[in-house]
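Visitor: Need coordinates for the below:
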Amino acid sequence: STMGKEGTPLVIGHTRNDLTQWGRLAARQLIASGVTVNDVIQVCLGAGINRGSLGYVLGAELVGASVIAEEPHHMDAQLAMLKNYRPTMLITTPSNAQELVRTIHERRIDPPSLHLRTVLLSRPVDEATREQIETGLLVAVQCSFGIEEVLDPGLCVECDEGHFHVNEDQFYVEVENGELIVTTLCREAMPLLRFRTRMACSLNREKCPCGRTGVILKPGERL
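Guide: Residues are numbered from 1 along each chain as shown. Now for the predicted structure:
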């Protein structure tokens, strides 16, 4: 579920095939972030079935990585989980990652003792925030971008160059008057035709050094 227009709750349905496709798309982002069967992933995105938790769990299971899909209730619990289970990737919000940086600095915890290699953030951040998390935790930081009504995660994959490549085998994207418009190509339960996302963006089809051919989406602010 997510919040629709004017704060109205919007429940999003999926068929079995929709869930299979969602897992494959989330797995693409995880693999692009360097995840393998040897990794342990902690998904820390908030309680409930929204906010992408389910998508990342499906993706992690498809890759074959171990996954901990549990939301610690406070920072002490999160630190204990990081130390005891030794996840190599943390999927979380920018605010939680920043709080983790502040906490280990205040408690003089050595970042390598947490065994994290990568932090995948639930949304794009500016370079200053990315650098703060990278240097504070000594990790690589990647970001996700999605539209909850469309799919989040799964709409795009962030590459090593920091570009968001649209999964064009699943989504047809357009820009009209600066607004991102998305048509789903494979969704069964709730197909969308030229869905107006209320998200400002631009599209770029220039060749990316990473080798991916999907159109590059540069997200902006909510309209």
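Visitor: and residue 60, what helix or strand is that in?
Guide: According to DSSP states H and E, residue 60 maps onto helix 53-63.
Visitor: gap between the longest strand along the chain and the chain center?
Guide: Assignment by DSSP state E gives strand 195-204 as the longest strand of the chain. Relative to the centre of its chain, strand 195-204 is centred 18 Å away, using Cα atoms, centre = their mean, to the nearest Å.
Visitor: Show residues contacting stretch 80-92.
Guide: Stretch 80-92 is contacted by residues 30, 33, 35, 38-45, 56, 65, 68, 70, 72, 97, 100, 113-122 when judged by Cβ atoms under 8 Å, 6 or more residues apart in numbering. (Each C-beta comes from the backbone N, C-alpha and C, glycine too.)
Visitor: Show me the shaky parts of this protein.
Guide: Along the chain, segments meeting pLDDT under 70 span 4-6, 46-51.
Visitor: residue boundaries of the helices in it?
Guide: 16-32, 53-63, 75-85, 94-106, 127-137 (DSSP state H).
Visitor: just those: most buried one?
Guide: helix 53-63 (a mean of 22; mean count of other Cβ atoms under 10 Å).
Visitor: and that helix with helix 16-32, angle?
Guide: If you take axes from the mean of the first three to the mean of the last three Cα atoms, to 10 degrees, helix 53-63 sits at 70 degrees to helix 16-32.
Visitor: helices or strands next to helix 53-63 in the packing?
Guide: helix 16-32, strand 40-44, strand 66-68 (3 or more Cβ pairs under 8 Å, 6 or more residues apart in numbering; DSSP states H and E).
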